[in-house]
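*Asks:* here is my input, please return the structure:
(2 chains)
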Amino acid sequence: MPIDQPILAIQHLEKKYGTTNVLKDINEVVAEGQVICVIGPSGAGKSTFLRCLNLLEQPTSGEILYKGENITRFDRTQLSQYREKVGMVFQNFNLFPNMTVAQNLMLAPQRVKKESEGDARKSALLLLDRVGLRKMADRYPEQLSGGQKQRVAIARALAMNPEVLLFDEPTSALDPEMVGEVLQVMQELAEDGMTMVVVTHEMGFAKKAADRVWFMADGYVQENGTPQQVFDQPTSERAQNFINKIIND
Amino acid sequence: MKNTGNLFYRVVIIFILTMSFGSLSTAKADVPEMSSSLSAVKARGELVVATSPDYPPYEFLVNKNGHSTVQGVDIMVAKKVAKNIGVKLVVKKMNFDSLLVALQTGKCDMVIGGVNPTPERRKNVLFTKMYYHGGQYILVKKSMSWLYHDKNSFKNKTIGAQTGTTQYDLAKKQIKGVKVRGMTSYSDLVLALKTNKVNGVVMEKPAALAYAKNDGSLRAINAEFKLDKGTTGVAIAVKKGNVSLAQAANKGIDQIQKQDLVNKDYLKKAGQYLKVNTEDTSMWHYWRFFATGIEYTLIISIVSAILGLMLGLLLALMRLSKNRLWRGIAISYIEFLRGTPMMVQVMFVYFGIGVLINIPALLAGIIAVSLNSGAYVAEIIRGGINSVDSGQTEAAESLGLSMSDSYRFVILPQAMRNIWPALGNEFITLLKDSSIVSIIGVTDLIYESNLVRSDTYRGVMPIFIAMLLYFAMTFILTRILNHYERKMQYAN
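*Replies:* Here you go, the predicted structure:
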């Protein structure tokens, strides 16, 4: 895929908690339509990195350019507009338990985009159809299984019609038998051309769906290549060890 | 975490806060500051007299055909004075303790209530001539009356007297080795006598005789105190320096003295009124008193619960804000309000702020109870907001929702559900604690049941009825709270 202007460009990104340096000088780009899988040992800073991308964490230094604009300098309104464009799916779903499934999907379109209730509901039902949960529209999150919750969370992020979706270990909190249904939805999104940055431990998904795999460790992106490159011929020792371990497990 | 703001800063903030609430209330209250000079009274066309109607035969409530009015010797004296001035008499009811304060803070023109003009009181208010010299009697149980002849029989015994009265001082000074038990109401004192907690109760002669007449188990004996004629009669009090009104009252008192109206006329009439009350002392006969009590208790509780909830929410948000000033104000407010008794707050709002603006007792009560409840509710709500998973805020933020929207639709509804039981507790406490407003004369359930006690000479039954009524109210409230708790469950 040719890269004209990257949708996201990360330059010298650094994040410190007190004296602990979690992210040290990250420089990467994400092109429109690309699916990036971020892998690496725990404690590598993968989640922190992802959370910096929509400023749930404020970077200590460095720049994140969205279509050429530095988001770390955004004011409140600009940030809110940016977050409409960049959706996020969390490890623990974070559905709103006080609302029905449909209401979860309708809240942001109604409040942020000022859609009418009828329009919001119509598109919510279409999205639920897409993730195979239309019949759950009027249930509460409590009544769903983990896999269903995560599919609803994906649909909720899609309801804002985002250009980029960030996934923070979307299957880590799921029972094994439910991982597949979530990955299936993500796979379909990837095929539809959605730009995605996915922090994951699902190597199978990374191999199948990713355009690029970033291997992170010790606060750096140590390898950046196609799935074949990273999984079959990792260059750094860190990556070799990590991948051997995972394959042998 | 400990607050680092210094004390001065806090005091200033609390002062500003109190003042601003005060000025808010003026807008609603619309009660002008009262001037009590004779010309002001004449211009107004009415004379506002404060009294504590629990002291028959001087003043008491008469319950006739379900309608209650203040009657008694003092009221007849006040009527005479008002008639002489040529204005209408308006009687304002409050606790005896609060009478003189009410006068000083301009809540009434005159106080009449069997008040003895002692030197201490003369320092603070101006007294008219005395309109009656009753003398002091001691009320004892008839079954024990062979033991007691006069004050000297009470050596090393316990005697009861109303707090802050001449009777209290007399007993203390003139009976050797006596233990004086002070209480605020005569109903309580007589009950203490009947249950052997005190051996006798000192009171004015007419009051003692009235009690003995209405309750066969009691007897009144002459105390034989050495009395100074200058201080042991009863007089009307006006605000210090209000000579014009005092002189006007003295004209009326002169006529009363000349014709000996108190002995010849007023006491007899008062006795007849008293008979109306004691003809039927069943609690059912007094249902209107209890109904009024419930009405006011509910008004105060409901309005204060709503205002307290709004104030509490505001304070909780201020406390959680990143702005240090807001946080400091909220913390100071909460700590100060929780660290002082509600009774003091009620009196401060009514009398303290009342010096600047004249607020009616009911409004003062509502303000004080709301301000107090707000402090507790704030902490409950803060706990509730903190109990909501931070992932909820993040999810709302990541969807581009504004801060206020994420609070309104995501955080607060969940916080409310978590804190509902604690909030329910606070509402129930508030309903019961609202009884404190009775000290400034708000006619809540406690106040009304005390009136029934002094009217009927029945000490316990009205308390019991009040207890049942409070229980009924909290029981219903609990059912309502439970109903909403069930409704707030997300799934059935």
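*Asks:* in the strand or helix carrying B:L481, what's buried?
*Replies:* Applying DSSP states H and E as the criterion places B:L481 in helix B:461-487. Of the residues in helix B:461-487, those buried by neighbour count under the rule 16 or more other Cβ atoms under 10 Å in any protein chain shown are B:M461, B:P462, B:I463, B:I465, B:A466, B:L469, B:Y470, B:M473, B:T474, B:L477, B:L481. Where C-beta positions appear, they are placed from N, C-alpha and C, glycine not excepted.
*Asks:* my guess is the third one contacts B:R453. True?
*Replies:* I take that to be B:I463. Yes: using Cβ atoms under 8 Å, B:I463 is in contact with B:R453, at 7.3 Å.
*Asks:* any low-confidence regions in the stretch 101-250 of chain B?
*Replies:* B:230-231 (pLDDT under 70).
*Asks:* assign a three-state SS to the residue in it that chain A sits nearest to, would you?
*Replies:* Distance from chain A to each residue of the stretch 101-250 of chain B (Cβ to the nearest Cβ) is smallest for B:K107, at 48.4 Å. Assigned by DSSP: H, G, I helix; E, B strand; the rest coil, the conformation of B:K107 is coil.
*Asks:* what's near enough to touch the nearest residue to A:A210 once chain neighbours are set aside?
*Replies:* Leaving out its chain neighbours, the residue that sits closest to A:A210 by Cβ to Cβ, 6 or more residues apart in numbering or on different chains is A:C37, at 4.0 Å. By Cβ atoms under 8 Å, 6 or more residues apart in numbering or on different chains, A:C37 lies in contact with A:V198, A:V199, A:T200, A:F205, A:A206, A:A209, A:A210, A:R212, A:V213, A:W214, A:P227.
*Asks:* gap between the first one and chain B?
*Replies:* Separation of A:V198 from chain B (Cβ to the nearest Cβ, to the nearest Å) stands at 15 Å.
*Asks:* pretty sure that residue is in contact with A:V164, am I right?
*Replies:* No: counting by Cβ under 8 Å, A:V198 does not reach A:V164; the two are 11.2 Å apart.
*Asks:* between these two, which has more neighbouring residues?
*Replies:* A:V198 (27 against 21; other Cβ atoms under 10 Å in any protein chain shown).
*Asks:* pretty sure that one is in a strand, no?
*Replies:* Yes: A:V198: assigned to a strand according to three-state DSSP.
*Asks:* let's verify the closest residue to it other than its chain neighbours: helix, strand, or coil?
*Replies:* Excluding the flanking residues, the one nearest A:V198 by Cβ to Cβ, 6+ apart is A:F167, at 4.2 Å. Classification of A:F167 using three-state DSSP returns strand.
*Asks:* let me know how buried A:F167 is, in neighbour terms.
*Replies:* Residues lying near A:F167 (other Cβ under 10 Å) number 26.
*Asks:* flag every residue of chain A that's near chain B.
*Replies:* A:54, A:56, A:80-81, A:83-84, A:86-88, A:90, A:92, A:94-99, A:107-108, A:111-112, A:139-143, A:156-157, A:160 (Cβ under 8 Å from any Cβ of the partner chain).
*Asks:* let's go with 6 Å and repeat that
*Replies:* Proximity of chain A to chain B is confined to A:54, A:56, A:80, A:83-84, A:88, A:92, A:94, A:96-98, A:107-108, A:111-112, A:140, A:142-143 under the rule Cβ under 6 Å from any Cβ of the partner chain.
*Asks:* just the ones of these in helices?
*Replies:* In helices, defined here by DSSP state H, the members of these are A:S80, A:R83, A:E84, A:L107, A:A108, A:R111.
*Asks:* need the residues you listed in JSON lines (columns: neighbour count).
*Replies:* What follows is these, written out as JSON lines (neighbours: other Cβ atoms under 10 Å in any protein chain shown):
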{"residue": "A:S80", "neighbour count": "17"}
{"residue": "A:R83", "neighbour count": "24"}
{"residue": "A:E84", "neighbour count": "19"}
{"residue": "A:L107", "neighbour count": "23"}
{"residue": "A:A108", "neighbour count": "27"}
{"residue": "A:R111", "neighbour count": "20"}
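*Asks:* point out where chain A drops to low pLDDT.
*Replies:* A:1-4, A:248-249.
*Asks:* try it again at 90.
*Replies:* Residues of chain A that meet the criterion pLDDT under 90 lie in A:1-5, A:18-21, A:42-44, A:76-77, A:218-219, A:232-249.
*Asks:* got the residue ranges for the strands in it?
*Replies:* A:8-17, A:20-30, A:35-39, A:61-66, A:69-70, A:86-89, A:164-168, A:195-199, A:212-217, A:220-225 (DSSP state E).
*Asks:* from the middle of its chain, how far away would the longest one be?
*Replies:* For strand A:20-30, the separation from the chain centroid amounts to 17 Å (computed by Cα atoms, centre = their mean, to the nearest Å).
*Asks:* that one packs against which elements?
*Replies:* strand A:8-17, helix A:46-53, strand A:220-225 (3 or more Cβ pairs under 6 Å, 6 or more residues apart in numbering or on different chains; DSSP states H and E).
*Asks:* tell me the angle of the shortest one relative to strand A:35-39?
*Replies:* Spelled out, it's strand A:220-225. 130 degrees (axes from the mean of the first three to the mean of the last three Cα atoms, to 10 degrees).
*Asks:* contacting residues around strand A:220-225?
*Replies:* Strand A:220-225 is contacted from outside by A:K24, A:I26, A:E28, A:W214, A:F215, A:V230, A:P234, A:S236, A:R238, A:A239, using Cβ atoms under 6 Å, 6 or more residues apart in numbering or on different chains.
*Asks:* and which of those is nearest B:G312?
*Replies:* Nearest to B:G312 among the contacts of strand A:220-225 is A:I26, at 44.8 Å by Cβ to Cβ.
*Asks:* contacts only, for the closest one.
*Replies:* Contacts of A:I26 were listed using Cβ under 6 Å, 6+ apart, and they are A:I10, A:L13, A:V221.
*Asks:* top of those residues by neighbour count?
*Replies:* Top of the contacts of A:I26 by neighbour count (other Cβ under 10 Å): A:L13, with 24 neighbours.
*Asks:* which of the contacts of A:I26 lies closest to A:L126?
*Replies:* Nearest member of the contacts of A:I26 to A:L126, counting by Cβ to Cβ, is A:I10, at 33.2 Å.
*Asks:* look at the nearest residue to that closest one once chain neighbours are set aside and say how many residues are nearby.
*Replies:* Nearest-residue entry for A:I10: A:E28, 5.0 Å, with adjacent residues in sequence omitted and distances by Cβ to Cβ, 6+ apart. Close neighbours of A:E28, defined as other Cβ under 10 Å, add up to 18.
*Asks:* could you do the one 10 residues further on as well?
*Replies:* A:V38 sits with 27 neighbouring residues when counted by other Cβ under 10 Å.
*Asks:* quick one on the thing from earlier: out of the buried residues of helix B:461-487, what pair is the most spread apart?
*Replies:* Counting by Cβ to Cβ, the most remote pair of the buried residues of helix B:461-487 is B:M461 and B:L481, 30.4 Å apart.
*Asks:* just the pLDDT for B:G271.
*Replies:* B:G271 carries a pLDDT value of 83.
*Asks:* what of B:I16?
*Replies:* Note on B:I16: pLDDT of 46.
*Asks:* B:V31 too?
*Replies:* At B:V31, pLDDT is 39.
*Asks:* cool, B:F8 as well?
*Replies:* We have a pLDDT of 44 for B:F8.
*Asks:* returning to what we had before: for B:N242, find the nearest of the helices and strands packed on strand A:20-30.
*Replies:* Ranking these by distance to B:N242, with Cβ to Cβ as the measure, places strand A:8-17 first at 71.3 Å.
*Asks:* what is the closest one packed up against?
*Replies:* strand A:20-30, strand A:61-66.
*Asks:* who does the longest one pair up with?
*Replies:* Strand pairing for strand A:20-30, using DSSP bridges, gives strand A:8-17 (antiparallel).
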